[in-house]
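# Could you look at this predicted model? Sequence included:
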Amino acid sequence: MVSGPGYLPDCFTPFPKSAFFQWAKKPGPYRIALVNGFVGNTWRIQMIKNAKGYASEPGVKDQIKEFAAISTGTDVAAQVAAVDNYINQGFDAILTDAVSPAGIAPVIRRANAAGVVMINFDNRADSNKILQVNVDTFEMGRIQGRWMVDNVKPGGRILEVRGLQGTGADRDRSKGFHEIVDGSGKNYEVIQVVGNWDSGTSHKVTADAIAVYGHFDGIANQGGSDGTLQALLDAHHAMIPIAGEGENGFNQMCAEHEAEGLKCLAVAAPPAISSVAIKAALSALQGEVMPQDIALPLPVTKAPNFKQGISFFPELGSGFFPDNTFPACSVDQSTEEIMKQVVE
């Protein structure tokens, strides 16, 4: 294992077979940019708030001369152009949540040639030339898949509510899910719809699916899970096992309807992953040897463990993500600090 005065092995845990990178040490303070893509759901908004809050924390803000954040939508060319713009402006580090796993590859080469520390997080880029910070998105799908196999009868019909099409996280979560469900030998019928990790969209596509198919024996939702659960309730559908993402509203609804027979699982990719990406950028700029592929833990909650004040907070919005800390990285921002940040 490599080490250095600022290397944090408990925080920057490498995925198996990860390579290691090292950039030349640069004097601070640094200019860091976050180039987000899609911003149409609460996870992305909280992720940006996490990043802005972390960049302003004592002990961090003194290392940052300028922190910029921009969202470019789902257009790959727009995200690439924004990264190029920050390279040309002389930013020291650029963080991305890749719109496309492959589409960002050309700008990675330009960043590396310019000596810019470029870090991708959340949606994986199909490149080993960039430092990446992520939870195991395949494993997120496998966790939901194992729970479906354990809780849905053989031959049952499962609704799979997928995320934003074309992104690495949606692709990988679905692959992990089908690896388990299809490989179980239990002959499940899986109906796929696209929910965009958004509550409103998930509600609509779930309601439409129930109208068409009538009955499901289980549901797996990648995000916007409260919308899917609300559609189930609106349709007066029988209570069935539902696996979702660890959103505040979903977790609260799971607790409220547990006595009626609802059984839930929630697995979360904490939005504070963006804060860890900033921490990794600062470490890399200081010349530390870094894993090319950093693995972060996945918080999982299963019925009957949805508890107020731990799994959900009624005073917060339904789209807030309560599982949002990485203690090994000293990333433990208060709810108040996150919520006061403004996302343009």
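Looks like it came in fine. Numbering: from 1, shown residues only.
# give me the low-pLDDT residue ranges for this structure?
Counting by pLDDT under 70, the chain shows low-confidence ranges at 1-8.
# Not counting sequence-adjacent ones, nearest residue to the residue nearest the centre of it?
With distances taken as C-alpha atoms, centre = their mean, residue 269 lies nearest the centre of the chain, 4.2 Å away. The shortest distance from residue 269 to any non-neighbouring residue, by C-beta to C-beta, 6 or more residues apart in numbering, is to residue 135 (4.8 Å). Backbone N, C-alpha and C define where each C-beta goes, glycine included.
# got a list of what that neighbour touches?
Shown in contact with residue 135 (C-beta atoms under 8 Å, 6 or more residues apart in numbering): 269, 270, 273, 295, 296, 297, 298.
# now those in JSON lines, with distance to residue 108?
JSON lines is the format used below for the contacts of residue 135 (distance: C-beta to C-beta, whole Å):
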{"residue": "269", "distance to residue 108": "22"}
{"residue": "270", "distance to residue 108": "25"}
{"residue": "273", "distance to residue 108": "19"}
{"residue": "295", "distance to residue 108": "20"}
{"residue": "296", "distance to residue 108": "21"}
{"residue": "297", "distance to residue 108": "26"}
{"residue": "298", "distance to residue 108": "26"}
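# So which of these are in helices?
Members of the contacts of residue 135 lying in helices (criterion: DSSP state H): residue 273.
# In the contacts of residue 135, find the pair that's most separated.
270 and 295 (13.3 Å; C-beta to C-beta).
# ok so, going back, mind checking how far the residue nearest to the centre of the chain is from residue 97?
11 Å (C-beta to C-beta, to the nearest Å).
# Identify the contacts common to those two.
The contact lists of residue 269 and residue 97 share residue 122, where a contact means C-beta under 8 Å, 6+ apart.
# how about the helices in the stretch 201-344 of the chain?
225-234, 248-256, 273-285, 335-339 (DSSP state H, counting those that start in this stretch).
# Please identify the most buried of those helices.
Among the helices of the stretch 201-344 of the chain, the stretch with the highest mean neighbour count (mean count of other C-beta atoms under 10 Å) is helix 273-285, at a mean of 25.
# Could you report the neighbour count for the closest residue to residue 223 other than its chain neighbours?
Spatial nearest neighbour of residue 223, chain neighbours left out: residue 197 (3.2 Å); criterion: C-beta to C-beta, 6+ apart. By other C-beta atoms under 10 Å, 27 other residues sit near residue 197.
# Looks like residue 197 contacts residue 161 (just checking).
No. Between residue 197 and residue 161 there is no contact, the gap being 9.2 Å when judged by C-beta atoms under 8 Å.
# what touches both of those two?
Both residue 197 and residue 161 are in contact with 222, 224, where contact means C-beta under 8 Å, 6+ apart.
# thinking again about what came up before, for residue 245, see how far away the residue nearest to the centre of the chain is.
Residue 269 is 7 Å from residue 245, by C-beta to C-beta.
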